[in-house]
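Chemist: Can you look at this prediction? I've put the sequence above it.
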Amino acid sequence: MASNQPQPGLFNIYLQSFVETLTEEQRSDFEFSTLEDFQSAIVAIQNRQSSVRKMRNLARLRGFLEAMDQYGKVIELFVNASELVCFIWGPAKFLLQIASAYTEAFDALLDAYQHIGESLPLLSQYQALLQRNPSMSKVLALIYNDILEFHKKALRYFRQRTWRQLFHATWKTFRAEFSGLLANIQRHGRLVESQANLVEFEQLFHQMEMGRVAAKADFQRRKEEEDRNRRISVRNWLSAASTEVDQERGVTTRKNNPGSGRWLLGNNQIQGWFNPEFCSAPLVWINGIPGAGKTVLASLVVEELQRLQSAHPITLGFFYCKHKDNQRNTFNAVARAILAQLLNQNEDLLPYLFENASTSGEIVLGSPSLTKELLETALKSSEKLYIVIDGLDECDPPEKKAIIQWFQSVVAALPDTEFDSLRCLFISQDDGEIGKLLSKLPTIRIKPEDTRADIQTYVTIWGKEIQEKFDLPDENRKDIITAVIERADGMFLFAKLVMENLFSQTKRENLTKELEPARFPRGLEDAYARIVDRILGDPSTKEDAKRLLGWLICARRPLKWREIQCAVSINLEAKDINIAERQLRVGSKILCGSLVEQRSDGSVEMVHLTARFFLITQKHINLASKELELARLCLGYLNFRCFRSDIPESETRDFVLKGYYSFLEYAAMHWVDHLEELAPNGNYTEPFASIEDPIQEFLQNFWEKPGCRTAGSSELRMKLSHFKTCEFFNQLIKAVHTWKRLQETYGTDGIDPESVELNERISKMRIVIEKTFSSSEGNDTLERSLVAFYGPELFKCPRVSCKHFIDGFSTEEDRNQHLQKHKRSFICTYPGCPFGTIGFNSARDLNRHFASSHESWQYEETQFPITQDPSN
């Protein structure tokens, strides 16, 4: 019998749930709002629009006003209506006032209220029915909840700091959700209109509620799937460099040295910068000498900010710049990485970024102007945002200037009320140029006394390790610790190099020699010299170590260990690869000591930029010779039989199983770069002419047809001028010009089909790799072998210009979805549209589709299924 009684409790439950989402200011503003207040606000908006000749059709509100007025009078049968409808009129007034200054948003809201008004039943004609059947109060309460849910979502939407910039992209998603709410209102309205008796009502109500729950669950499932696919598309479009590996490296260093860097957190300037409530200086610069531990400090700041996020609504973006790595030393690289991080923390950015990814026509975000626009909008979308950028001195001058000046300009443009909403921490050396750009910022210069305690902790830990290994007395251990601390002079890197070098000695006699005053390092260069003496002093490993160091210094990106193992197994004279016989049986750290670091992603790099400079300036590494060596290695490797077009698939599979193609990506992408770096008058340790035969054979293999003469730029001809007397010079210009163009553009339009022969050969080899991997299911040994040779992401994109040409996908399905974006890269962003997957070939086709299919503001019931009309 309880279900036959009026249920005012439902109204209060729904109202309380809504009120909890409001700010204190909104609660006090809404709780006494009336229909008259709403009407007065509409008149004021109309008068303001009339004064600037921007009148909109406010008559669209008439149905909503009439239906809600009747609704308020009818529910007085069950509850105190004034306490309820004020939270209808108040939010409606607030939303229209907010949107009235932005025509597109204002029209969208008017349309939404018009559809609500058309869907609401005019309840005054059913007053007798409602009095006879108190159970109908459940339906009225559900209608009330439907409208509150609309206002809850709308208020959250317009609460976004950058809703105007996001509107065009994100309102489509809001409309799809609104379709569900509208369907609920229509469903509940028809239940009233059915005028069912008590028994019929209970049956129909149960049926409708089951339909509503099922439809809501289905809608949520489809939305989650669509959001997942959109997120994947945006991530592929951003192609952001991973910052987690760099962060993890800094965290690991501090774990091994407890308390490291904590002195920085006690600095007044940093404490003020961290304070989420107020900051007087949102831009801060930390600088220090090479090797002072700046990157470790950056990782500490990032970690502390991540901890701060658990207690405060702050957003974080960070980046570690890397010398000579195009994925990590440009403004676009920084911007794409930070955009990817902000997307992970702010789901409201997904429709906006997806809209731009789908309509830009770019497979990877590359447009500088669009990148800046997206990043500025994303930054301003956060109420409180912290940005940490480390290693600015490792960027080329134009890029470091672009990064610094852009962030400074964004902060300077913030209104006074939000001047500390964006905070940037720059960490770098003072290379003169950066000092000029950041001269007006509050600066924290890392001094020797700042890092002394950290260095002492570090060398104390290592001192115990050295003592145990060589069975030293306590006095010797203390002497080592004292000497390293005194000579480090604030350079954490110095302490690291010296202690690791001492520990790596093979016997106590050698350790004693290293500790002699005349040999003990007095600075960073001396520390490097001791390490180099040791690793190059061993005849059994000298050549391998020197070769690897040269490759790491000249490589255009960090080399994976599997690539290195394949490269050292290449014999250019024999034209073969024998990984089993020639691969290195010791790791990079054993071979090159403290001069290198192996990252968690399997790549190997120099321990610090200063190590690179030392090896070059002290002539341990001859840059010209190493560039020549790498050019010969890449070209000679690509000339091997395994890349011929006429070999049978069975033979290619044999090559796959032996790991022949492990060096493929690097050689294919960077033969051009090493060739262009060859200096005509370089100091080569082998005849410069040794590169001419591999070039000629390479051109015969992949650019055999003369084709039309390609002029090439004057800059390109100058770079390759040392080959101008060779018969193949014009053919070489064409090959270099074409391959660079393929790396910089998307598609092959206007390019000789013959000029992409190399790419087609690579694709052929990759197909066999994929087939072999796919057939390895159940064969763990084979699968592990293939992953060891080619990495876990075996399914690569064939477009040379695409990031995924190198960084592939773990499944064929993911790769094929990615390829679809290349073919039809203009995607419809309307929720649920099939052309969100299929896409279009051009922006014109996409615009034509959107205008014909989605331009009218329709809220289709198919978005949210409705059960059978009970009046039928």
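Modeler: Perfect, thanks for sending it.

Chemist: so how far is residue 474 from residue 569?
Modeler: 48 Å (Cβ to Cβ, to the nearest Å). The C-beta positions use only the backbone N, C-alpha and C, and glycine is treated the same way.

Chemist: Show me which of these two is the more surrounded one.
Modeler: Counted by other Cβ atoms under 10 Å, residue 569 and residue 474 do not tie: residue 569 has more neighbours, with 21 against 9.

Chemist: looking only at pLDDT, what's the mean for the helix or strand containing residue 845?
Modeler: In this structure, residue 845 sits in helix 843-853 according to DSSP states H and E. For helix 843-853, mean pLDDT is 68.

Chemist: Please shift the residue numbers so they start at 335 in all later answers.
Modeler: All right, first residue 335 from here; so that's helix 1177-1187.

Chemist: Skip the chain neighbours and tell me the closest residue to residue 689.
Modeler: Excluding its sequence neighbours, the residue lying closest to residue 689 (Cβ to Cβ, 6 or more residues apart in numbering) is residue 503, at 3.5 Å.

Chemist: That neighbour - that's part of a helix, no?
Modeler: Yes - applying DSSP: H, G, I helix; E, B strand; the rest coil, one finds residue 503 inside a helix.

Chemist: wait, it sits on residue 690?
Modeler: Yes - counting by Cβ atoms under 8 Å, residue 503 does reach residue 690; the two are 7.4 Å apart.

Chemist: Mind pulling up the pLDDT for residue 928?
Modeler: 93.

Chemist: wait, it sits on residue 941?
Modeler: Yes - counting by Cβ under 8 Å, residue 928 does reach residue 941; the two are 6.0 Å apart.

Chemist: Name the helix or strand of the chain that has the lowest mean pLDDT.
Modeler: helix 1169-1172 (a mean of 60; mean pLDDT, DSSP states H and E).

Chemist: Could you look up the next helix or strand downstream of the strand or helix carrying residue 985?
Modeler: Per DSSP H and E, residue 985 falls inside helix 983-991. Moving toward the C-terminus from helix 983-991, the next helix or strand (DSSP H and E) is helix 998-1010.

Chemist: other SSEs contacting that next one?
Modeler: With contacts taken as 3 or more Cβ pairs under 8 Å, 6 or more residues apart in numbering; DSSP states H and E, helix 998-1010 sits against helix 895-902, helix 957-972, helix 1063-1078, helix 1091-1108.

Chemist: before we move on, the earlier item: so what pLDDT did the residue nearest to residue 689 get?
Modeler: pLDDT, read off for residue 503, is 77.

Chemist: do you know how far it is from residue 692?
Modeler: In terms of Cβ to Cβ, residue 503 sits 9 Å off from residue 692.

Chemist: Which one of these two is surrounded by more residues?
Modeler: Between residue 503 and residue 692, counted using other Cβ under 10 Å, the more crowded position is residue 692 (24 against 19).

Chemist: Need the contact partners of the host helix or strand of the more buried one.
Modeler: Assigned by DSSP H and E, residue 692 belongs to helix 683-693. Here helix 683-693 makes contact (Cβ atoms under 8 Å, 6 or more residues apart in numbering) with 499-500, 502-504, 506-507, 561, 564-565, 567-568, 571-572, 673, 676-677, 699, 704, 708, 711-712, 715, 1160-1163, 1170, 1173, 1177, 1180.

Chemist: do you know how far the nearest residue to residue 1016 once chain neighbours are set aside is from residue 940?
Modeler: Once flanking residues are discounted, residue 1016 sits nearest to residue 958: 3.0 Å by Cβ to Cβ, 6+ apart. Separation of residue 958 from residue 940 (Cβ to Cβ): 19 Å.

Chemist: neighbour count winner among those two?
Modeler: A side-by-side neighbour count of residue 958 and residue 940, using other Cβ under 10 Å, places residue 940 first with 22 against 17.

Chemist: which non-adjacent residue is nearest that one?
Modeler: Leaving aside its sequence neighbours, residue 940 sits nearest to residue 946 (Cβ to Cβ, 6+ apart; 5.1 Å).

Chemist: That neighbour is in what secondary structure piece?
Modeler: Counting by DSSP H and E, residue 946 is part of helix 943-951.

Chemist: Report the buried residues of that helix.
Modeler: 943, 944, 945, 946, 948, 949, 950 (16 or more other Cβ atoms under 10 Å).

Chemist: Can you tell me how far the second one is from residue 661?
Modeler: From residue 944 across to residue 661, the span is 22 Å (Cβ to Cβ).

Chemist: now the fourth one
Modeler: Here the distance between residue 946 and residue 661 works out to 18 Å (Cβ to Cβ).

Chemist: got a list of what residue 710 touches?
Modeler: Residue 710 touches residue 744, counting by Cβ under 8 Å, 6+ apart.

Chemist: Which of the three states applies to it?
Modeler: helix.

Chemist: What pLDDT is listed against the residue nearest the centre of the chain?
Modeler: Nearest to the centroid of the C-alpha atoms of the chain, with distances taken as Cα atoms, centre = their mean, sits residue 674, at 2.8 Å. For residue 674, the pLDDT comes out at 96.

Chemist: Show me which residues of the helix or strand hosting it are buried.
Modeler: Taking DSSP H and E as the definition, residue 674 sits inside helix 665-679. The neighbour-count check on helix 665-679 (16+ other Cβ under 10 Å) flags 665-677 as buried.

Chemist: Just give me the closest of those to residue 344.
Modeler: residue 677 (38.4 Å; Cβ to Cβ).

Chemist: And the residue nearest to residue 933 when sequence neighbours are not counted, how far from residue 585?
Modeler: Spatial nearest neighbour of residue 933, chain neighbours left out: residue 579 (5.3 Å); criterion: Cβ to Cβ, 6+ apart. Per Cβ to Cβ, residue 579 is found 11 Å from residue 585.
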